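Enquirer: Return atomic coordinates for the entry below.
(one chain, ligands or ions: 1)
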Amino acid sequence: MYRQRIVAGPRIIVALDFSDAAEALKLVALLDPRLCRLKVGFELFVRAGRPLVDTLVARGFDVFLDLKFHDIPNTVAAACRAAAELGVWMLNVHASGGATMMRAARDALMELDSPPMLIAVTVLTSMDTSDLKSIGIDRLAHDQVVELAKLTRSCGLDGVVCSAHEAELLRAVIGEDFALVTPGIRLPASTGDDQKRVLSPVDAARAGADYLVIGRPITRAPDPLASLHAIHESLLEQA
Ligand SMILES: O=C(O)c1cc(=O)[nH]c(=O)n1[C@@H]1O[C@H](COP(=O)(O)O)[C@@H](O)[C@H]1O
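Expert: Just a heads-up that it's a prediction; the model follows:
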């Protein structure tokens, strides 16, 4: 695919990690598609599925369907095709599923008239080098991220999910036409929760992240819209 980096439009992707559609839609009613895109992950999709995605798309939001597919190539390709039918803007797979799996996913989407962006998760932002060691990967987390990002690019995907800590290094190694999508974003005053490789929104953008996936710092803030606006403004000032 190798689309050009799409940085037009909002760079903030709000992670709708809610347990049901009503709760998610309560927050969405406050949001504006000109200010943010939305991410629907496992819990919400399992509970609310297609009707919710249809509603979000109908309200004009770009939806990142974050189901992190990781299975045999044929299964992943079919799942990507099915997900694309929902009219979502972005889909993801795990890069550790390997080259054959990623190419199968890409090929399935390339048959479509207007395919969603396809990106791959490198090393989860909740993991660090010691977590990698515990699953038999004896390498620094950022080296593993670079390796998987190079593999992802060579398979023709549009970008990767990584920590903003790796964004600068990845930009240097991978070049410009490759989207870097970074979760693990935390405001200077907030806690990391279960995230280990975190960075502030402005630092992430400075490091070269294209899209910032932000959940709890917005969704669990006392005033989510104010938090979104503050982050949005800080990114504009930095640009
Ligand atoms: O693929 C993702 O979106 C993802 C990858 C990753 O490495 N780390 C990560 O946190 N995420 C997602 O990004 C969101 C982060 O949420 P907060 O930690 O609440 O900001 C969650 O929905 C995660 O599922």
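
Enquirer: ok, Thr122 touching Leu151?
Expert: No. If you go by C-beta atoms under 8 Å, Thr122 and Leu151 don't touch, sitting 9.2 Å apart. Any C-beta I mention is one placed from the backbone N, CA and C, and that applies to glycine too.

Enquirer: So which of those two has more stuff around it?
Expert: Summary of the neighbour comparison: Thr122 and Leu151, criterion other C-beta atoms under 10 Å, with Thr122 having more neighbours (26 against 18).

Enquirer: ok, back up a step: what touches both of Thr122 and Leu151?
Expert: When C-beta atoms under 8 Å, 6 or more residues apart in numbering defines a contact, the residues bordering Thr122 and Leu151 alike are Ala95.

Enquirer: Now do the strands in the protein.
Expert: With strands called from DSSP state E, the chain shows them at 12-15, 37-40, 63-69, 90-94, 117-121, 159-161, 179-182, 211-214.

Enquirer: Please identify the most buried of those.
Expert: Neighbour counts averaged per stretch over these are highest for strand 159-161, at a mean of 29; criterion: mean count of other C-beta atoms under 10 Å.

Enquirer: Identify the spatial nearest neighbour of Ser154, chain neighbours not counted.
Expert: Across the structure, with C-beta to C-beta, 6 or more residues apart in numbering as the measure, the residue nearest Ser154 apart from its sequence neighbours is Ala99 (7.3 Å).

Enquirer: For burial, what's the neighbour tally of the one you found?
Expert: When neighbours are defined as other C-beta under 10 Å, Ala99 has 13 of them.

Enquirer: Likewise for the one 3 residues further on?
Expert: Residues lying near Met102 (other C-beta under 10 Å) number 25.

Enquirer: And for the one 4 residues further on?
Expert: Burial of Arg106 is recorded as 21 neighbouring residues (other C-beta under 10 Å).

Enquirer: Pull up the per-residue confidence for the residue lying closest to it once chain neighbours are set aside.
Expert: Spatial nearest neighbour of Arg106, excluding adjacent residues (C-beta to C-beta, 6+ apart): Gly156 at 5.0 Å. The predicted local confidence for Gly156 comes out at a pLDDT of 97.

Enquirer: so Gly156 sits right up against Ala105, yeah?
Expert: No. In this structure Gly156 lies outside contact range of Ala105 using C-beta under 8 Å: 9.9 Å.

Enquirer: and the residue in the chain that the ligand sits nearest to, what does it touch?
Expert: Of all residues in the chain, Gly215 sits closest to the ligand, at 2.5 Å by C-beta to the nearest ligand atom. Residues in contact with Gly215 (C-beta under 8 Å, 6+ apart) are 14-15, 17, 39, 183.
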